[in-house]
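> structure for this input, please:
(one chain, ligands or ions: 1)
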Amino acid sequence: MTPLRLTGPQLELREVEPADAEALLAIYGDPEATRHLSFEPRTRKQVEAITARSVESAHATPRTEYCLAVTRRGEHRLIGYARLATEPQQAATIGFALHPTAWGRGLGTETVHLLCALGFDVLGLHRIWAARAPLNEASARTLLRAGMTEDGRIRDHVFVHGAWRDSITYSILEHEWVPIDGLDTGAAESGRGGNPGG
Ligand SMILES: CC(C)(COP(=O)(O)OP(=O)(O)OC[C@H]1O[C@@H](n2cnc3c(N)ncnc32)[C@H](O)[C@@H]1OP(=O)(O)O)[C@@H](O)C(=O)NCCC(=O)NCCS
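Reported below is the predicted structural model:
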């Protein structure tokens, strides 16, 4: 299943490469893009380590982490970073961030759909969930727009900017997901309805 490539109407998800560090730094090093994330803006060295770990995780057996570059369809440059990490019981958690210049055009929603396509269609998962900061209104609207349901609150979930903060969690089940038109999981076999174990 490596290398993975998923295509949507406007975007693609592809495997991360070491050369993506510069473009990822423009997101993970940016105070605005990381304002509501679980970490403070990253340094170049930290981002290089993240890209290196992302590349490495693609070759793990079994693969439990899918750290992917978000690009515009047909282009190679990373404009976002999307991650799906599998858990026991056919579940996975997702996270995603786009460069601020890409915000407000439906690309966040499409990114969540692409992660659902990966989780449900490629990996045959049953449940996908996400956590957002209470003040992250853009993420709340994006997760709901993609069809997720608010589940609840994890108290003191994350220590960031010198304080504990809660997270609001969302989930979507395999039978609830309504894919948008134009999603293509490529050559990967559909695992929908299958049982990958765990
Ligand atoms: C969250 C994020 C991916 C959204 O991306 P986006 O491309 O702007 O999202 P979309 O254009 O698909 O918009 C989806 C919904 O969010 C709403 N939205 C987007 N930005 C918003 C904002 N700043 N405030 C309030 N609503 C916002 C849109 O209006 C839309 O809602 P609607 O469908 O009800 O009209 C983007 O803001 C981002 O990368 N933020 C930084 C990282 C982050 O917070 N990641 C999420 C971690 S849980």
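
> hey, let's count contacts and neighbours off CA atoms from now on
Noted.

> how close does the residue of the chain most remote from its centre sit to Phe39?
Largest separation from the mean C-alpha position in the chain: Gly162, at 25.2 Å (Cα atoms, centre = their mean). Distance, Gly162 to Phe39, by Cα to Cα, to the nearest Å: 10 Å.

> just Val112 next, same as before
21 Å.

> in the biggest helix by length in the chain, what's buried?
The longest helix of the chain (DSSP state H) is helix 44-57. Neighbour counts over helix 44-57 (16 or more other Cα atoms under 10 Å) mark Arg44, Val47, Glu48, Ile50, Thr51, Ala52, Ser54, Val55, Ser57 as buried.

> repeat that for stretch 161-181.
Across stretch 161-181, burial judged by 16+ other Cα under 10 Å covers Arg165, Asp166, Ser167, Ile168, Thr169, Tyr170, Ser171, Ile172, Leu173, Glu174, Trp177.

> more crowded one of Val112 and Phe39?
Val112 (23 against 13; other Cα atoms under 10 Å).

> who touches the strand or helix carrying that one?
Val112 is part of helix 107-116 when elements are defined by DSSP states H and E. With contact meaning Cα atoms under 8 Å, 6 or more residues apart in numbering, helix 107-116 is reached by 6-8, 10-11, 13, 70, 82-84, 94, 96-98, 128, 142-143, 145-146, 177, 179-180, 183.

> now do the contacts for Leu11.
Val70, Thr71, Arg72, Arg73, Leu107, Glu110, Thr111.

> neighbours around the third one, how many?
The tally of other residues near Arg72 (other Cα under 10 Å) stands at 20.

> mind checking how far it is from the ligand?
The gap separating Arg72 from the ligand is 12 Å, by Cα to the nearest ligand atom, to the nearest Å.

> quick one: pLDDT of that residue?
Arg72 carries a pLDDT value of 98.

> the fifth one too?
In this prediction, Leu107 carries a pLDDT score of 98.

> can you count the residues close to it?
Leu107 has 20 neighbours, counted by other Cα under 10 Å.
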